[in-house]
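Trainee: Have a look at this fold, sequence not included:
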């Protein structure tokens with residue numbers, strides 16, 4: 001089963017890259033549909049800004065260790081969901097990097113996942129879902145979601161550079177086609193969750209499909 005998943009992911013790798021590239025306008029346009037003047041989003045923006053304020057006060061070694069841990073755990077998470085047994089996760093003591101070992105040959109999704117997927121943000125969204133079973137959503141929770149969006153964007157931006165060993169494994173061309181839209185998808189999904197929970201995330205995916213069809217219709221009518 002693991003081998004079949006890896007082969008399927010390899011089969012859809014470049015079609016998915018082209019889809020994400022062509023969907024980039026839709027992901028950018030989707031930002032116009034969020035009501036940033038409403039209180040839940042004002043609280044989210046406050047949390048987002050608070051992350052960058054707290055970042056300036058954070059010890060560089062602590063920040064580096066957190067990024068490495070998040071990076072390797074994201075590799076491990078996608079190894080597990082694609083049925084690869086994780087043998088271990090190691091973080092170097094000098095903040096020089098880390099390593100995640102797993103069984104099997106792996107796939108491109110395991111390699112590229114830390115560069116677009118907000119693992120800590122996902123865990124927070126799950127925690128909020130459980131919390132709101134017993135208590136109502138509040139602005140503090142919205143603010144923390146903004147904090148995790150800031151953390152995700154800061155971590156991704158600091159990890160994408162020419163010395164990163166993961167990116168050449170999937171090719172720089174693939175990264176350029178896939179990662180911009182993938183990160184907008186991740187942030188857009190978190191913004192949608194901020195207003196309507198998981199229903200909002202589902203509606204956001206439908207919005208992207210609608211915008212893609214509208215953009216395609218516009219291009220065809222222009223031609």
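Mentor: Ah, there it is. Since the structure is predicted, the reported quantities are computational estimates derived from the model, not experimental observations. Numbers count the residues shown, from 1 in each chain.
Trainee: rest of the way, CA atoms for contacts and neighbours
Mentor: Fine.
Trainee: Which secondary structure elements does the helix or strand hosting residue 198 sit against?
Mentor: Using DSSP states H and E, residue 198 falls within helix 172-222. On a contact count with 3 or more CA pairs under 8 Å, 6 or more residues apart in numbering; DSSP states H and E, helix 172-222 meets helix 2-22, helix 24-30, helix 39-57, helix 119-131, helix 139-159.
Trainee: just these: most buried one?
Mentor: When the helices and strands packed on helix 172-222 are scored by mean count of other CA atoms under 10 Å, the highest mean neighbour count falls to helix 139-159 (a mean of 20).
Trainee: List the contacts of it.
Mentor: 39-41, 43-52, 67, 114-116, 118, 120-121, 124-125, 128, 187, 190, 194 (CA atoms under 8 Å, 6 or more residues apart in numbering).
Trainee: can you check stretch 9-18 too?
Mentor: Applying CA under 8 Å, 6+ apart, the contact partners of stretch 9-18 are 107, 108, 109, 174, 177, 178.
Trainee: pretty sure the first one contacts residue 3?
Mentor: Meaning residue 107. No. Residue 107 lies out of contact with residue 3 (CA atoms under 8 Å); the separation is 9.6 Å.
Trainee: coming back round to it: now the two most distant members of the contacts of stretch 9-18.
Mentor: Greatest spatial distance in the contacts of stretch 9-18: 107 and 177, 17.6 Å, computed using CA to CA.
Trainee: Tell me the confidence at the residue nearest the centre of the chain?
Mentor: Nearest to the mean C-alpha position of the chain, by CA atoms, centre = their mean, lies residue 117 at 2.6 Å. Note on residue 117: pLDDT of 96.
Trainee: For stretch 73-80, which outside residues touch it?
Mentor: Here stretch 73-80 makes contact (CA under 8 Å, 6+ apart) with 85-86, 89, 100, 102, 106, 109-111, 113-114, 117, 119.
Trainee: 10 Å - rerun?
Mentor: With contacts defined as CA atoms under 10 Å, 6 or more residues apart in numbering, stretch 73-80 is touched by 2, 67-70, 82-90, 99-104, 106-107, 109-120.
Trainee: Mind putting the contacts of stretch 9-18 into JSON lines with neighbour count, pLDDT and distance to residue 211?
Mentor: Output for those, formatted as JSON lines (neighbours: other CA atoms under 10 Å; pLDDT from 0 to 100; distance: CA to CA, whole Å):
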{"residue": "107", "neighbour count": "21", "pLDDT": "92", "distance to residue 211": "30"}
{"residue": "108", "neighbour count": "16", "pLDDT": "95", "distance to residue 211": "28"}
{"residue": "109", "neighbour count": "17", "pLDDT": "95", "distance to residue 211": "26"}
{"residue": "174", "neighbour count": "18", "pLDDT": "96", "distance to residue 211": "23"}
{"residue": "177", "neighbour count": "19", "pLDDT": "96", "distance to residue 211": "19"}
{"residue": "178", "neighbour count": "24", "pLDDT": "97", "distance to residue 211": "18"}
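Trainee: ok, so of these, who is nearest residue 208?
Mentor: Nearest member of those to residue 208, counting by CA to CA, is residue 178, at 15.4 Å.
Trainee: Could you find the closest non-adjacent residue to residue 28?
Mentor: Excluding the flanking residues, the one nearest residue 28 by CA to CA, 6 or more residues apart in numbering is residue 184, at 7.5 Å.
Trainee: ok now do that neighbour, which residues does it touch?
Mentor: Contact partners of residue 184, counting by CA under 10 Å, 6+ apart, are 24, 26, 27, 28, 30, 31, 116, 153, 190.
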